[in-house]
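1. Model the following, please.
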Amino acid sequence: MNVKEAIPERFSKEKFAIIIDWIDGNPARFDELMTVFFEGDSRKNQHAANIMSHCIDRWNFLIMPYIEKMLLNLKQDNLHDAIKRNTIRVLQTVEIPEELNGIAADICFQYLSNHEEAVAIKAFSMTVLSNLSKHYPELKTELKFILEEQLPYQSPAFKNRALKILSQL
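-> From the prediction side, this is the model:
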């Protein structure tokens, strides 16, 4: 299968499922998907991001070789929300290598502090930061401050996640 050709221009749950089943935990096949994920800013790489996050739900070991490149990718300007959302969604479920924790924390704090950012991106960023704070307790103070500051002005989804994380800090 040629993954780039197989990914449809329009969302298709059925076609996405076929690609996920084809990948089946195979690192070489997953690499083909990640090549599409990192190519330019198009509908196909947005769909590849969605497929990638569902693959990681099943085979999270596949993402480890790509974490640094994914974090560096998040530093791009004008990145589509689908890329940010699916990348941070994946990062909340894996152990980020120690040498990349600072970059991950910086990016997540930027997303969480940005009033223009989508709620899902903020929610996933909260979880990444909460996970990192278990290894770096000094992050708890800043995370708590930002969450408490934004809590009165945010959506119910944000409030729900923030209150759960605040109770764990």
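
2. Return the helix or strand in the protein with minimum mean pLDDT.
-> helix 3-6 (a mean of 86; mean pLDDT, DSSP states H and E).

3. could I get the following helix or strand past it in PDB with only the CA atoms?
-> Going down the chain from helix 3-6, the next helix or strand is helix 13-23, by DSSP states H and E. Included here for helix 13-23 are C-alpha records, laid out as PDB according to Å, rounded to 0.1, in the frame of the first residue of the first chain:
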ATOM      1  CA  LYS A  13     -13.300   6.700   9.100                       C
ATOM      2  CA  GLU A  14     -13.500   3.600   7.000                       C
ATOM      3  CA  LYS A  15     -10.400   4.400   5.000                       C
ATOM      4  CA  PHE A  16      -8.500   5.400   8.100                       C
ATOM      5  CA  ALA A  17      -9.400   2.100   9.700                       C
ATOM      6  CA  ILE A  18      -8.000   0.200   6.600                       C
ATOM      7  CA  ILE A  19      -4.700   2.100   6.900                       C
ATOM      8  CA  ILE A  20      -4.500   1.500  10.700                       C
ATOM      9  CA  ASP A  21      -5.100  -2.200  10.100                       C
ATOM     10  CA  TRP A  22      -2.500  -2.300   7.400                       C
ATOM     11  CA  ILE A  23       0.100  -0.700   9.700                       C
END
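
4. What are the buried residues along helix 13-23?
-> By neighbour count on 16 or more other C-beta atoms under 10 Å, the buried set for helix 13-23 is 16, 19, 20, 23. All C-beta spots, glycine's among them, are computed from the backbone N, C-alpha and C.

5. Can you give me the separation between the third one and residue 50?
-> It refers to residue 20. Distance from residue 20 to residue 50, counting by C-beta to C-beta, to the nearest Å: 10 Å.

6. which residues touch the most centrally placed residue in the chain?
-> If you average the C-alpha coordinates of the chain and look for the closest C-alpha using C-alpha atoms, centre = their mean, you land on residue 88, 1.7 Å from that point. When contacts are counted by C-beta atoms under 8 Å, 6 or more residues apart in numbering, residue 88 touches 74, 108, 111, 121, 124, 125, 128.
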